[in-house]
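> sequence plus the predicted model coming up.
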Amino acid sequence: MATSVRNDAPAGAAEPRQYLTFTLGGEMYAVETLSVKEIIEYGQVTSVPMMPPSIRGVINLRGAVVPVIDLKARFGGQPTEVTRRTCIVIVEMGCGDECQVLGIVVDTVSEVLEIPPGEIEAAPAFGARIRADFIRGMGKVGGGFVILLNVEAVLSTDELSVLDELARTGQPADAGGPPRLGSGVAG
């Protein structure tokens, strides 16, 4: 069962933006709904040999091969334990010349929140369990914080391909290497 959460209405700089919130290991994270294509149940993920632990494999999404990234593993933790509430959030990135579609595994999807720009603090310089460049900001919600993720940095296919090459050979990938997983998927 797929749930569409896309909102293509342009948002002004001072208007609240919508974020899809989800949990990973008990922490609340969010991504802007403009990058979310849909949410699907965790289903048949085909493993791809010799991938780093953060790449779960690929799924067939209406005929398109979509790489699936395990965010917990991407953040340096243990791979996500799949439960009946585990979901795959399908996101689109870099929809200029070439659009890349990727799936991210999350423990549970929570809700869509509107967060005004005045309620978003800068990413902390230290203390977070993930890299600072992965954090777009900290959204103040109900007396607590939601970590707003920078999807482009977290799911950088260039960086994922370098990690893959390092995991396989101990050497970084060269620019003339084979095509990267997830490149060239039409949106």
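Ah, there it is.
> ok so Lys72 is a helix residue?
Yes: assessed by DSSP: H, G, I helix; E, B strand; the rest coil, Lys72 belongs to a helix.
> which non-adjacent residue is nearest it?
Thr80 (4.8 Å; CB to CB, 6 or more residues apart in numbering). Every C-beta, even on glycine, is put in place using the N, C-alpha and C of the backbone.
> the one you found: what secondary structure?
Applying three-state DSSP: Thr80 is coil.
> with Pro53 instead?
coil.
> that one: what's it in contact with?
Contact partners of Pro53, counting by CB atoms under 8 Å, 6 or more residues apart in numbering, are Asp70, Ala73, Pro79.
> of those residues, closest to Glu111?
Asp70 (22.2 Å; CB to CB).
> thinking again about what came up before, out of the contacts of Pro53, who's the most crowded?
Asp70 (24 neighbours; other CB atoms under 10 Å).
> enumerate every residue touching that one.
By CB under 8 Å, 6+ apart, Asp70 lies in contact with Pro53, Ser54, Ile55, Arg56, Pro79, Thr80, Ile104, Val105.
> count the neighbours of the residue nearest to Lys72 for me.
Per other CB under 10 Å, the neighbour tally for Thr80 reads 19.
> correct me, but it touches Ile69?
No: in this structure, Thr80 is not within contact of Ile69 by CB atoms under 8 Å, at 10.3 Å.
> overlap in contacts of those two?
What both Thr80 and Ile69 touch, as defined by CB under 8 Å, 6+ apart, is the set Val105.
> still on that earlier bit, please tabulate the contacts of Pro53 in TSV, including the columns pLDDT and distance to Thr86.
Below are the contacts of Pro53 laid out as TSV (pLDDT from 0 to 100; distance: CB to CB, whole Å):
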residue	pLDDT	distance to Thr86
Asp70	92	10
Ala73	87	13
Pro79	89	11
